[in-house]
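Trainee: 3D model of this:
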Amino acid sequence: MIDFTPNPRPAPRLAQIWAHARMEAGLILSNGEQLLLSVVIPLSVLLGGRFLGERFAMPFSELAPSVLAMVLWSSGLTTLAISTGFERRYNVLERLAATPLGREGVLLGKSLSILLITVAQLLVLTGLAVVLGWRPDIQPLPTLLAVASGAIGLASFIALGLAIAGSLRPETTLAVANLLFLCGLALGIVIPVAALPDWAWFVQFLPTAAVGEALRAVSSGAVVWLPLVVVSLWALAAAALARKVFKWTS
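Mentor: Below you'll find the model as predicted:
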């Protein structure tokens, strides 16, 4: 017998967050600019680097993991900051926060959507890089350090993206996020710290360089601990900053 008794209770908490994450991921992937950042640019760099990288003193063994770092950087900070900034302007965030999802659920759903998109990107690009000839020296400890540094680095990028989107006007957020994306490529994401001039020693303490160096270490099988320490400190600082400056309305 079918029970038609109304059940006005909200869906379970995890189901709410999961539904919100899927919706956010779909919206991001349906946006042309975000699709450019998430798919077209990393794919173009990977393919171009495979055939032109040697001319620019960038071996494919370094370029492939650098592209993976680029994915973490672009999705975690740029994509999230831009989408959240404009949602904030049009009061979408405030309205979502008034639902049973709540403020915490909104932010968790957004973060989970970025994680889903990023994991999908990493799987596709890693597979393509292997097909194109990338042969990383897979060792347990370097791989574990790279995964941990990448995950914590993504968390720090997400927190920074939310801090930017929650404190600046959408137009300013758009400009700052795109500028940071370009600067991050030169500050360790694509260009290794060793390739930078001596006066740029401080770059190794940026989260961009930490993530890039940790992923590039997988190619050589080197054990590097500094990136994990750096991204952990940045994640804590970025989370504290986002908590302090994030506003739900513009």
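Trainee: what's the distance between the nearest residue to residue 245 once chain neighbours are set aside and residue 236?
Mentor: Nearest residue to residue 245, sequence neighbours excluded (C-beta to C-beta, 6 or more residues apart in numbering): residue 167, at 4.2 Å. Where C-beta positions appear, they are placed from N, C-alpha and C, glycine not excepted. Using C-beta to C-beta, to the nearest Å, we find residue 167 at a distance of 18 Å from residue 236.
Trainee: Tell me which of these two has more neighbours.
Mentor: Using other C-beta atoms under 10 Å as the criterion, residue 167 and residue 236 rank with residue 167 on top: 18 against 14.
Trainee: Can you name the residues that contact that one?
Mentor: Contact partners of residue 167, counting by C-beta atoms under 8 Å, 6 or more residues apart in numbering, are 245, 246, 247.
Trainee: which of those are buried?
Mentor: Neighbour-count burial within these applies to residue 246; the criterion is 16 or more other C-beta atoms under 10 Å.
Trainee: Turn the contacts of residue 167 into JSON lines, including pLDDT, secondary structure and distance to residue 220.
Mentor: Below are those laid out as JSON lines (pLDDT from 0 to 100; DSSP: H, G, I helix; E, B strand; the rest coil; distance: C-beta to C-beta, whole Å):
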{"residue": "245", "pLDDT": "95", "secondary structure": "helix", "distance to residue 220": "39"}
{"residue": "246", "pLDDT": "94", "secondary structure": "coil", "distance to residue 220": "39"}
{"residue": "247", "pLDDT": "91", "secondary structure": "coil", "distance to residue 220": "44"}
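Trainee: would TSV of the contacts of residue 167 with distance to residue 210 be doable?
Mentor: Shown next, in TSV, are these (distance: C-beta to C-beta, whole Å):
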residue	distance to residue 210
245	23
246	24
247	29
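Trainee: quick one: which helix or strand includes the residue nearest to residue 160 when sequence neighbours are not counted?
Mentor: Nearest non-adjacent residue to residue 160, counting by C-beta to C-beta, 6+ apart: residue 238, 4.7 Å away. Using DSSP states H and E, the element containing residue 238 is helix 226-245.
Trainee: how about the CA coordinates for that helix, as PDB?
Mentor: This file holds the C-alpha atoms of helix 226-245, laid out as PDB (Å, rounded to 0.1, in the frame of the first residue of the first chain):
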ATOM      1  CA  LEU A 226      58.700  21.700   2.600                       C
ATOM      2  CA  PRO A 227      55.700  21.900   0.200                       C
ATOM      3  CA  LEU A 228      53.500  20.000   2.700                       C
ATOM      4  CA  VAL A 229      54.500  22.300   5.500                       C
ATOM      5  CA  VAL A 230      53.900  25.400   3.300                       C
ATOM      6  CA  VAL A 231      50.500  24.500   2.100                       C
ATOM      7  CA  SER A 232      49.400  23.500   5.500                       C
ATOM      8  CA  LEU A 233      50.300  26.900   7.000                       C
ATOM      9  CA  TRP A 234      48.700  28.600   4.000                       C
ATOM     10  CA  ALA A 235      45.500  26.600   4.400                       C
ATOM     11  CA  LEU A 236      45.100  27.600   8.000                       C
ATOM     12  CA  ALA A 237      45.800  31.200   7.300                       C
ATOM     13  CA  ALA A 238      43.500  31.300   4.300                       C
ATOM     14  CA  ALA A 239      40.700  29.600   6.200                       C
ATOM     15  CA  ALA A 240      41.000  32.200   9.000                       C
ATOM     16  CA  LEU A 241      41.000  35.000   6.500                       C
ATOM     17  CA  ALA A 242      38.000  33.700   4.600                       C
ATOM     18  CA  ARG A 243      36.100  33.300   7.900                       C
ATOM     19  CA  LYS A 244      36.900  36.900   8.900                       C
ATOM     20  CA  VAL A 245      36.200  38.800   5.600                       C
END
